[in-house]
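Undergrad: got a predicted structure plus its sequence, pasted below:
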Amino acid sequence: MSYVRVMIHSVWGTKNKIAFLTSDVRAIVIDHIKENAHMKQIYIDTINGYTDHMHCLFGLNTDMSISKTLNLIKGESSHWINKNEIIKPKFEWADEYYAVSVSESVLFKVRRYIQDQEEHHRKVSFAQECEAFLSRYALEIGG
């Protein structure tokens, strides 16, 4: 048996950055994502977001890539949102996402950052946050 602990901080938005995720909708979607992830044996440590995006700190399984994990989370949740008419217009997540590994030494800091999204976005827009994320981690499109 292999023992692995690789923590990933991922961020993804709604298609066209539409602010569908009001606090009530966001709570319902987060609960569903957690439940669905548990059934698929995806360990979600912390998840939260704002009106147009989500942050998720998850453990990467030995048999799943980041891409596969996020496709399972995003694809299933958008299907569920539409099937259950959680919001009236058709809901879609944007195709792109951001993901970086997280060192054990900063897990607490990342958890707090994710939990404090509403406060954080009183000062910083999602576009500014994305720009900072790309810059801080030297991410390239498709990289």
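TA: Received, thanks.
Undergrad: please enumerate the strands of this protein.
TA: 7-14, 43-50, 53-59, 93-102 (DSSP state E).
Undergrad: need the distance between the two termini of stretch 49-64.
TA: One end of stretch 49-64 to the other measures 23 Å (C-alpha to C-alpha, to the nearest Å).
Undergrad: chain center to it, what's the gap?
TA: 4 Å (C-alpha atoms, centre = their mean, to the nearest Å).
Undergrad: buried ones in it?
TA: Gly49, Tyr50, Thr51, Asp52, His53, Met54, His55, Cys56, Leu57, Phe58, Leu60, Met64 (16 or more other C-beta atoms under 10 Å). From N, CA and C alone the C-beta is placed, and that goes for glycine too.
Undergrad: where does the chain dip in pLDDT?
TA: Within the chain, the ranges that satisfy pLDDT under 70 run 130, 134, 137-143.
Undergrad: how does it look with 50?
TA: The chain contains residues with pLDDT under 50 at 143.
Undergrad: can you give me the helices for it?
TA: 23-39, 66-83, 107-115, 117-120, 126-136 (DSSP state H).
Undergrad: quick one: which of the ones you listed is nearest Val4?
TA: Nearest to Val4 among the helices of the chain is helix 66-83; the distance by C-beta to C-beta comes to 13.2 Å.
Undergrad: and that closest one with strand 7-14, angle?
TA: 40 degrees (axes from the mean of the first three to the mean of the last three C-alpha atoms, to 10 degrees).
Undergrad: would you reformat the helices of the chain as JSON lines and include distance to Trp12 and mean neighbour count?
TA: What follows is the helices of the chain, written out as JSON lines (distance: least, C-beta to C-beta, whole Å; neighbours: other C-beta atoms under 10 Å):
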{"stretch": "helix 23-39", "distance to Trp12": "11", "mean neighbour count": "15"}
{"stretch": "helix 66-83", "distance to Trp12": "6", "mean neighbour count": "16"}
{"stretch": "helix 107-115", "distance to Trp12": "13", "mean neighbour count": "14"}
{"stretch": "helix 117-120", "distance to Trp12": "13", "mean neighbour count": "14"}
{"stretch": "helix 126-136", "distance to Trp12": "10", "mean neighbour count": "13"}
